[in-house]
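[1] whatever this is, show me its structure:
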Amino acid sequence: MAPGQWQFGGKIQEGFIIAHRSSIVHLQKEHVKGIEIDRLWQTDGSANWHHLYNFPLIGFGYQFFYLGNKEELGNGQCITGLIHFPILKNKRMRLNYKLGLGIGYVDKPFNLTDNYKNLIIGSHFNAAITTGLQYRFRSNRYNQFYTGIDFTHFSNGASKVPNLGINITTANIGFMHCFGKDTQLKRDTNAITKNKNETTFLVAFGAKELYPPKNAVYGVVIFTGDRNYRVSQKSKLGAGTDFFIDNSTPAKLFGDSIFISGFKSMARGGIHVSYGLEIGRCSGYIQTGYYVYTKVKSDGNIYSQLSIRYLFTKHLFACFNLKTHYARADYFQYGIGYKI
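    Alright, predicted model coming up:
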């Protein structure tokens, strides 16, 4: 990207925690209030995906929230990598879709002795996801005012319980100052290339805690194979298999009065279909699977996985995944894979 084409600004925001379970309604005491500070760069067409996504903004941001409950929740904050996709734009206005992923910190997680009413989050450090719509109005060459609606989620992927997740929705207003040369960018369709179909293999590792809190932490190993077929310049459809070795399943079976031990109690196998979206070296996948072998029936037969992958070389990539059962987090996964 051309040097100097960057933006710096911030916003104030106000909203509320979404009480997605009746057991956490008591945590809603006041409105959530927060600030966000962002530094963004304008993509300049030096990579093919800049043209494909109509020159999005990329960068990072810091958010601070007063969570509306000083006693049980305190404050939350996060640092996220950001990308702003333009939906509509002209010389004076711009409508963006915002997406961010990073790490968050919550002041007052669940504690069995002095914060037992916090049934929503069990750890200080969590993954943070933010998304939203942003309308910008350009008052002059360098200054932009904006407003929008955001959704931010804190979760530890059940590495510590409780982990119902903190879901925050806010409305906001802000200001952005632009630095560097104002360049009019024009999409070049000749720069957009179509990638080939692919086969991928990955191995990942995770950890999870079962209820009640302060229980043992169990390790998980996952092996996945996929075949993905290109359906557009941005996206692909695929299918694959998953094999899980989950050390928590014997404890689950015991809790259900099913007395099975050994490898067959820990093994779970499934098949899945997937949708993938590529953004340069990064790609995101949504997978829905069905267990063809599992001794645990309490989770149901359907599972889902969200996967973020970063390609280091032509073939080697790292991945960060979240596995869920019916929107209930099972565990995070961290792994490495190979693409053919």
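[2] can you tell me the average pLDDT over stretch 310-327?
    The average pLDDT for stretch 310-327 rounds to 94.
[3] oh, that last question was meant for stretch 218-229, not what I typed.
    Stretch 218-229 carries an average pLDDT of 96.
[4] before we move on, what about stretch 177-192?
    Mean per-residue pLDDT for stretch 177-192: 76.
[5] and for stretch 142-154?
    96.
[6] in stretch 321-330, what counts as buried?
    Buried residues in stretch 321-330, counted by 16 or more other CB atoms under 10 Å: 321, 322, 323, 324, 325, 329, 330. For every residue, glycine as well, the C-beta is placed using N, CA and C.
[7] and the furthest pair within those residues?
    Spatial extent of the buried residues of stretch 321-330 (CB to CB) is set by the pair 321 and 325 at 14.1 Å.
[8] partners of the one helix or strand residue 127 maps to in the sheet?
    Here residue 127 sits within strand 125-138, counting by DSSP states H and E. Taking DSSP bridges as the criterion, strand 125-138 forms sheet pairs with strand 93-106 (antiparallel), strand 143-155 (antiparallel).
[9] and the residue nearest to the spatial centre of the chain, how far is that from residue 271?
    Centroid-nearest residue in the chain: residue 129, 4.6 Å away (criterion: CA atoms, centre = their mean). Distance, residue 129 to residue 271, by CB to CB, to the nearest Å: 27 Å.
[10] do a quick rundown of the strands in the stretch 201-340 of the chain.
    Under the criterion DSSP state E, counting those that start in this stretch, the stretch 201-340 of the chain contains strands at 217-230, 235-246, 267-279, 282-293, 302-311, 316-325, 328-339.
[11] list the contacts of residue 264.
    Listed by CB atoms under 8 Å, 6 or more residues apart in numbering, the contact set of residue 264 reads residue 295.
[12] now with 10 Å, please.
    Residues near residue 264 by CB atoms under 10 Å, 6 or more residues apart in numbering: 249, 293, 295.
[13] with residue 25 instead?
    When contacts are counted by CB under 10 Å, 6+ apart, residue 25 touches 17, 19.
[14] make it 8 Å
    residue 19.
[15] helix, strand or coil: sort out it for me.
    Three-state assignment for residue 25 (DSSP: H, G, I helix; E, B strand; the rest coil): helix.
[16] and it, how close does it get to residue 327?
    Using CB to CB, we find residue 25 at a distance of 19 Å from residue 327.
[17] go on, residue 86?
    Distance check for residue 86 against residue 327: by CB to CB, it reads 30 Å.
[18] residue 168: how many residues sit nearby?
    For residue 168, the neighbour count with other CB atoms under 10 Å is 22.
[19] which residues sit in contact with the nearest residue to it once chain neighbours are set aside?
    Excluding the flanking residues, the one nearest residue 168 by CB to CB, 6 or more residues apart in numbering is residue 152, at 4.6 Å. Contacts for residue 152 (CB under 8 Å, 6+ apart) come out as 63, 65, 78, 128, 129, 130, 167, 168, 169, 170.
[20] ok, back up a step: could I get the buried residues of stretch 321-330 as a markdown table with distance to residue 8?
    A markdown table is the format used below for the buried residues of stretch 321-330 (distance: CB to CB, whole Å):
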| residue | distance to residue 8 |
| --- | --- |
| 321 | 33 |
| 322 | 31 |
| 323 | 37 |
| 324 | 36 |
| 325 | 42 |
| 329 | 35 |
| 330 | 39 |
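[21] ok, the contacts of residue 152 vs residue 36, which is closest?
    residue 63 (4.6 Å).
[22] beta partners for that closest one?
    Under the criterion DSSP bridges, residue 63 forms beta bridges with residue 36, residue 78.
[23] over to residue 338?
    Residue 338 has these beta-bridge partners by DSSP bridges: residue 201, residue 316.
[24] I figured it hits residue 200, correct?
    Yes - counting by CB atoms under 8 Å, residue 200 is a contact partner of residue 338 at 6.9 Å.
[25] and these two? which has more neighbours close in?
    Ranked by neighbour count (other CB under 10 Å), residue 338 and residue 200 place residue 200 first, with 22 against 13.
[26] surely the more buried one meets residue 335?
    No - between residue 200 and residue 335 there is no contact under CB under 8 Å: 11.2 Å.
[27] and residue 241, how many residues sit next to it?
    Using other CB under 10 Å, residue 241 has 15 neighbouring residues.
[28] hang on, the earlier thing: what touches both of residue 338 and residue 200?
    Contacts common to residue 338 and residue 200, judged by CB under 8 Å, 6+ apart, are residue 317.
[29] tell me which residues in the longest helix seen in the chain are buried?
    Longest helix of the chain, by residue count under DSSP state H: helix 249-255. Across helix 249-255, burial judged by 16+ other CB under 10 Å covers 249, 250, 252, 253.
[30] what about the third one, distance to residue 42?
    Using CB to CB, we find residue 252 at a distance of 50 Å from residue 42.
[31] coming back round to it: of the contacts of residue 152, which is the nearest to residue 96?
    residue 130 (12.9 Å).
[32] skipping adjacent residues, who's closest to residue 258 in space?
    Residue 258's closest residue in space is residue 295 (CB to CB, 6+ apart), at 7.0 Å.
[33] I'd guessed that neighbour sits against residue 254; true?
    No - Residue 295 is beyond contact range of residue 254, at 11.3 Å (criterion: CB under 8 Å).
[34] ok, residue 207 touching residue 216?
    No - at 10.4 Å, residue 207 does not count as touching residue 216 under the criterion of CB under 8 Å.
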